[in-house]
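1. Coordinates for the following, if possible.
(one chain, ligands or ions: 1)
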Amino acid sequence: MKSDLNNLIIDYFPSPNGDNEQLLKLLHQTSKIICDWFAVSENLSPLPKNLTKIISEPTEFGCDIKMLLDDINSLLYSSFNPSHPGSLAHLDPPPLTISIVGDLVAGALNNNLLAEELSPSISVIENDLCKWFANKVGFGNSSGGIAASGGTLNNLNALVCAKFNSGLIFDPDASFIISEDAHVSFKKCARILGVKDENLISIRTDIYGKMDIFCLNNEIKKSKSLGKKIFSIVATFGTTIRGSIDPIYEIGNICKDNNIWLHIDGSIGGIFAISNYKFQNINDINKLKIANSITINPQKILGITKTSSLLLVDDIKKLKKTFFTGLPYIDSTEDVLNRGELGVQGSRPAEIIKLWLSLKFLGKNGIDNILSSSIKKKLLFENILDKDKFYIYSGPLHIISFEPKNMNTNQINTWSFKLKKLLLNNKIMISRPLHKNRYILRVVFGNFNTKESHIIELASFFNKNTNE
Ligand SMILES: Cc1ncc(COP(=O)(O)O)c(C=O)c1O
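-> The predicted structure is shown next:
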């Protein structure tokens, strides 16, 4: 690192009346470290081989900037690197360039989405973008939404709203329905909502990983006869392990007939609603307009930096009714909707800035490009994978899981463990999810930096390695 950094004196806060030359220098130096790290990513590994010992505790008198920049440098080289082309394990794509800038701007502004007077322009942007998304998923004029830090939190926001609006918020028999392949965080939601274990009803999935409608109808009948009161059915639009899409229309009609809130967890696949890319109807998340709420996580495929998640509702008044408390320490007029009163979170960073900048930067074309590339890569991999050797689990989205046909559970667990490790030693990171009591392998094709040649090589590797 350059020696002149030894003399870099940074004020505690940006100066309100100076030229902030030193801050500019610091930002430049930090950016340089980050860009240098990006530039050598491919030579490294998605996961660092060794973790540099980083001292976490502060010192009595603080340390100089050069030391901090060295720490930042060490931190980068000791971190998971989603930009590495071999990073194919999870729903954590590389950060979109413009989104990094969005985080910087949000940090500099340090506005608070709790209240309009603490984030006047950003509240408007969040409101407008949520409405735009809501229209894209087929909601009408009364619709709207809220951003929250992640899909778990937005699914929780939706379920609190569903439970409250159905009048069952304090009812001990309140229950909700998910599929067995729904995200594990719904268990957390149930605990927070005070829903008993036996009232979180899990429906079997069919051979395609979709909620089984026959089973759903039976469970509803059975639950009613046991006195359970169902306040929501959750349909998943893109399951975590196989990227399957539940039969939304059938589930929606069942919800309509039984007056039950339909929540769609589109944390993974919902983003396709803003794309023109036509593939197996994955952009028609709410074609029949029967959903009450939908979660969409732009952080998961599009590369908006974490966190970026929206909850969209058919009627914004339902969120307001659920979460409105009044903010006694905030001075606002009656016509103002403070966004801290539309969800569980109070103080909230301006995460919407990076989504706003990124969507404007990408345009429809850029969005289509990223989303379609993820599907095309998955299809390429799936086509090469030997169907005689593997059971393949993959819905229409960019996720594929698989296991060898010729092995028992123990052998599969050993096989997946060995291959995952072997690949990581060769700079390819995939995941090993527990699915129906077996540890199988999963590849997620949300990495724009992964090339066709990498995919062909990877699929051929699996075809050659089907022994325990
Ligand atoms: C289908 C689905 N829903 C919800 C979540 C939770 O989202 P988050 O990790 O942003 O809280 C995930 C996470 O992977 C998911 O796959």
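2. what's around the closest residue to Glu341 other than its chain neighbours, how many residues?
-> Spatial nearest neighbour of Glu341, excluding adjacent residues (CB to CB, 6 or more residues apart in numbering): Phe324 at 4.8 Å. Any C-beta I mention is one placed from the backbone N, CA and C, and that applies to glycine too. The number of residues packed near Phe324 is 13, by other CB atoms under 10 Å.
3. would you list every one of the strands in the stretch 251-400 of the chain?
-> When secondary structure is read from DSSP state E, counting those that start in this stretch, the stretch 251-400 of the chain shows strands at 261-266, 293-296, 309-313, 390-393, 399-404.
4. Could you report the distance from the residue nearest to Glu341 to the ligand?
-> Phe324 sits 24 Å away from the ligand, taking CB to the nearest ligand atom, to the nearest Å as the criterion.
5. Do you know the pLDDT at the residue in the chain positioned nearest to the ligand?
-> In the chain, the residue found nearest to the ligand is Gly151; the distance is 2.7 Å by CB to the nearest ligand atom. According to the prediction, Gly151 has pLDDT 98.
6. what number of residues lie near it?
-> Gly151 has 26 neighbouring residues, counting by other CB under 10 Å.
7. I'd assumed Ser267 was in contact with it.
-> Yes: with contacts counted by CB atoms under 8 Å, Gly151 reaches Ser267, the gap being 3.6 Å.
8. Pull up the overlap in contacts between these two.
-> His183, Thr295, Asn297, Lys300, Ser309 (CB atoms under 8 Å, 6 or more residues apart in numbering).
9. now the closest residue to the first one other than its chain neighbours: how far from His454?
-> Residue nearest to His183 in three dimensions, not counting chain neighbours: Thr240, with 5.5 Å by CB to CB, 6+ apart. With the distance defined as CB to CB, to the nearest Å, Thr240 ends up 23 Å from His454.
10. repeat for Ser431
-> Ser431 sits 16 Å away from His454, going by CB to CB.
11. Which pLDDT value goes with the nearest residue in space to Asn338 that is not next to it in sequence?
-> Spatial nearest neighbour of Asn338, chain neighbours left out: Ala115 (4.4 Å); criterion: CB to CB, 6+ apart. In this prediction, Ala115 carries a pLDDT score of 97.
12. I figured Ala115 hits Gly340, correct?
-> Yes: the pair Ala115 / Gly340 is scored as a contact, 5.9 Å apart, by CB under 8 Å.
13. who touches both of those two?
-> Taking CB under 8 Å, 6+ apart as the contact rule, Ala115 and Gly340 both touch Leu327.
14. packing partners for the host helix or strand of Glu457?
-> Using DSSP states H and E, Glu457 sits in helix 452-464. Packing partners of helix 452-464 (3 or more CB pairs under 8 Å, 6 or more residues apart in numbering; DSSP states H and E): helix 352-384, helix 409-425.
15. out of those helices, deepest packed?
-> Scoring the helices and strands packed on helix 452-464 by mean neighbour count under mean count of other CB atoms under 10 Å gives helix 352-384 as the most buried, with a mean of 19.
16. Are it and the ligand in contact anywhere?
-> No: Helix 352-384 stays clear of the ligand (CB under 6 Å from any ligand atom), getting no nearer than 13.9 Å.
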